[in-house]
Each structure stands twice: as structure tokens, then as C-alpha cells.
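Novice: Just need the structure, nothing else, for what follows:
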Amino acid sequence: MSKSMWIGKVIIKGIVVAGIVFGVVAGTMYLWNWLIPALFNGPVLTFWQTLGLLALAKIFFWTFGGRHRHHCHARNQHWKERWATMNEAERERFKQRMKDKWCRSALPDEQKPA
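Specialist: Numbers count the residues shown, from 1 in each chain. As a prediction, this is how the structure comes out:
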């Protein structure tokens, strides 16, 4: 591949990426300015404010890299292996502990209607 062809591909990919970023920011800005001022009496955002808002959302809510997904997969694999090695009594005891921990009722046993 010649150098000019390589430079041309880089330029085209850069234009495509810039177009996608512009489209996402413009779409977000349009939706924000259509909904937020009317529903919540919020501010109208400019293009650059919207870009900053999306950058903050990336920092606060998205993960960086693939380590998080791999960690969850490894944790799920650990519990699958552990579940496979349990006998029926251990499985029932585990289910009951999870039910006691996560499925609490709103009323204690003494106050439940009969």
C-alpha cells in the first residue's frame, strides 16, 4: 500500500469518526433542548455544552477498557463452578440464605395478617 493511499484512508476514517461524533452530539443536543426546557424548565444547551455533558457521562457511568466485563465473567464462572459442586442440601441452604437476604417482606412475621 502506498503512502498516499494510507494517508487517504486515515483522512476518510477521521472524517467518518468526526461525522459520527457530530451526529451523536447534535442528536443529544436536539433531544435535550426539545424535552428538558419544556418538562423541567431546564437550560437550553449549546453544542459545546452538550459535548461536555456527554464527556461527563462517559467519565461517570461508562467503564474504561474491558477489565470490568472480564471480572464479571470470572465471578459468574466462579459461582457456576461452585453451584455444580454443591449437593442438594447445600443448594437448598444457599437458596434459603439468598431468599432471607434479598426477599425480605415489608412486614415482620409477627405483624403478618393470618
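Novice: In contact with the residue nearest in space to the middle of the chain, which residues are there?
Specialist: In the chain, the centroid-proximal residue (C-alpha atoms, centre = their mean) is W62; its distance is 6.0 Å. W62 sits next to no residue when contact means C-beta atoms under 8 Å, 6 or more residues apart in numbering. (Each C-beta comes from the backbone N, C-alpha and C, glycine too.)
Novice: again with F61
Specialist: Contacts for F61 (C-beta under 8 Å, 6+ apart) come out as none.
Novice: tell me which element E81 is part of?
Specialist: Counting by DSSP states H and E, the element that carries E81 is helix 67-85.
Novice: and if you look at P43?
Specialist: Here P43 is assigned to no helix or strand, by DSSP H and E.
Novice: before we move on, back to that, and the helix holding E81, average pLDDT?
Specialist: In this model, helix 67-85 has a mean pLDDT of 75.
Novice: repeat for stretch 35-45
Specialist: 94.
Novice: picking that back up, which pLDDT value does the model give the residue nearest to the centre of the chain?
Specialist: W62 is given a pLDDT of 80.
Novice: likewise C103?
Specialist: 83.
Novice: Any figure for the gap between it and M5?
Specialist: 63 Å (C-beta to C-beta, to the nearest Å).
Novice: next one: P43
Specialist: From P43 to M5 the distance is 47 Å (C-beta to C-beta).
Novice: same thing with E92?
Specialist: Taken as C-beta to C-beta, the span from E92 to M5 is 66 Å.
Novice: cool, T46 as well?
Specialist: From T46 across to M5, the span is 39 Å (C-beta to C-beta).
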